[in-house]
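>>> What shape does this take:
(4 chains)
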There are 2 protein chains.
Amino acid sequence: MFKKVIVAEDLEDINLGIEQTLKDLEIVNFQHAKYCDDAFLKIRKAILDNEPYDLLISDLSFKKDHREVKITCGDELIEKVRELQPDIKIIAYSVEDKSYRIKSLFDNAEIDGFVLKGRNSIEDLKKAIHLTSTSDRKFISHDVASALQEKSNFEIDDLDIEILKHLSSGTPQDEIVQIFKDSGKKPNSKSAMEKRLSKLKDFFKANNTVHLVSITKDMGII
Amino acid sequence: MFKKVIVAEDLEDINLGIEQTLKDLEIVNFQHAKYCDDAFLKIRKAILDNEPYDLLISDLSFKKDHREVKITCGDELIEKVRELQPDIKIIAYSVEDKSYRIKSLFDNAEIDGFVLKGRNSIEDLKKAIHLTSTSDRKFISHDVASALQEKSNFEIDDLDIEILKHLSSGTPQDEIVQIFKDSGKKPNSKSAMEKRLSKLKDFFKANNTVHLVSITKDMGII
DNA sequence: CAGTATTTTACGGAAATCCATAATGCATGT
DNA sequence: ACATGCATTATGGATTTCCGTAAAATACTG
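Residues are numbered from 1 along each chain as shown, chains lettered A, B, ... in the order given. You can find the predicted model right below:
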């Protein structure tokens, strides 16, 4: 079982819930962080002190408030922590149920577990902690398990996402082309842009651009 | 202080948090419901039993699962409960921070308090319970208090919202006009549709239709 | 290097949208 | 009945997006 755990979670109630869960599992050496920045600093300090954490439980979305922060969301935190301490186990604990995002957490950040917050999440969280502490197997909540079966989403790349973001913030296609030309990005012709959009619409089964942006927003891609 | 409280909330951890909060306030007669439908039935039964609740604490978003439900979200639950038992106090407890939705809860469903889930929400929830139990004043968390100052949003009506929904699901303008003609809705001309859209774009400061849908989705209007 | 395939860019017409203005309808008051 | 004001609808042209095809550039192969 894990000896030293850190929890990154901003919602006060949920922290109480996780705390109770950890106590139930007889894990007493754990810390909370309500900001990603704090979690990262604690993890780094623990390494320097030669007493590293062996498990990070992290939420994905964190509320913005008055405080200025470097790391704004759990995805970023996870990515940086994985880089800093490759052997730490990471469990994401979130209400996020968009398969695209879940899959990319396993694929890119190589998280060890994903627990969906819900009506029975505490039981799930316990299972995830057990499984990841005793083996190198991955845990994923039943309701979103299908996310991993999804065929790879690398058919859409960073550029596609950038285009979608521009569109969703109201930039006309011509201007996006211009922006790409100015910043020296590769496909910077009108027709290349149109072709990409057409691909995307095909891929997401969108009738038109409005629909495309709507769908990708719903999926959490942008 | 309230004598009998019902909590509608699906996330298990948060239920633990609320439970603790109520106990701290020495409220012992309370029930949880993880589905809106259950909450509604309990409230109705309590009335029939002549032992009505005097406070409802409700989340706004509920996860879908295998179970078939009538009431899918807290907004609906609140609306129906307000109708069924006009004198009950209602506190919404949610991460929702879109001023449009918060304002419409106060305006339409006449909720008594809105507590934003966050890093210090338990303290807020206690304040809200205190205030609404001892007076008819309204409570709103500090971070979203500005929502009430927003100028009224009745400038956009149900029809606007219907149009936006059609757009976001990929229906071209011409087809929306046709749908309105078929179902005998009032403004069913191409130019009326264009005028409405132009108004909306103006109101939301959107550059084009894609932008408009993106903004209204972000605001939680559609 | 020639030849082929693939990708990128260019072009042009069709469709959809944007936008300003004009026409129509409709209620109101005198 | 007439005039006025307001709302809806019609019209036409500018702009943008859509979509197919073709040319050009690039990569790949023997």
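
>>> any idea how far the most centrally placed residue in chain A lies from chain B?
The residue lying closest to the centre of chain A (C-alpha atoms, centre = their mean) is residue A:75, at 3.5 Å. To chain B, residue A:75 is 18 Å away according to C-beta to the nearest C-beta, to the nearest Å. Backbone N, C-alpha and C define where each C-beta goes, glycine included.

>>> Spell out the secondary structure type for that residue.
Three-state call for residue A:75 (DSSP: H, G, I helix; E, B strand; the rest coil): helix.

>>> Same question for residue A:156.
Applying three-state DSSP: residue A:156 is coil.

>>> do residue A:6 as well
Applying three-state DSSP: residue A:6 is strand.

>>> For residue A:41, see how far away it is.
11 Å (C-beta to C-beta, to the nearest Å).

>>> Which of these two has more residues huddled nearby?
residue A:6 (24 against 12; other C-beta atoms under 10 Å in any protein chain shown).

>>> so that one bridges to which residues?
Judged by DSSP bridges, the bridge partners of residue A:6 are residue A:31, residue A:56.

>>> Could you report the pLDDT at it?
For residue A:6, the model assigns a pLDDT of 98.

>>> Quick check, it in contact with residue A:40.
No: here residue A:6 does not reach residue A:40: they are 9.8 Å apart, not a contact under C-beta atoms under 8 Å.

>>> ok, the top strand by length along chain A near chain B or not?
When chain A is parsed with DSSP state E, its longest strand is strand A:89-94. No: judged by C-beta under 8 Å from any C-beta of the partner chain, strand A:89-94 makes no contact with chain B; its nearest approach is 9.1 Å.

>>> So which residues make contact with that strand?
With C-beta atoms under 8 Å, 6 or more residues apart in numbering or on different chains as the test, strand A:89-94 has contacts from A:2, A:9, A:18, A:54-61, A:74, A:78, A:81-82, A:102, A:105, A:109-117, A:121, A:125, A:128-129, A:132-133, A:139.

>>> Partner strands of that strand and their direction?
Strand A:89-94 is paired, per DSSP bridges, with strand A:55-58 (parallel), strand A:113-116 (parallel).

>>> could you point out which element follows it?
Downstream of strand A:89-94, the first helix or strand assigned by DSSP states H and E is helix A:99-104.

>>> So for that following helix, mean pLDDT?
Averaging pLDDT along helix A:99-104 gives 88.

>>> Now do it: which elements does it pack against?
Secondary-structure packing of helix A:99-104 (3 or more C-beta pairs under 8 Å, 6 or more residues apart in numbering or on different chains; DSSP states H and E): helix A:146-149.
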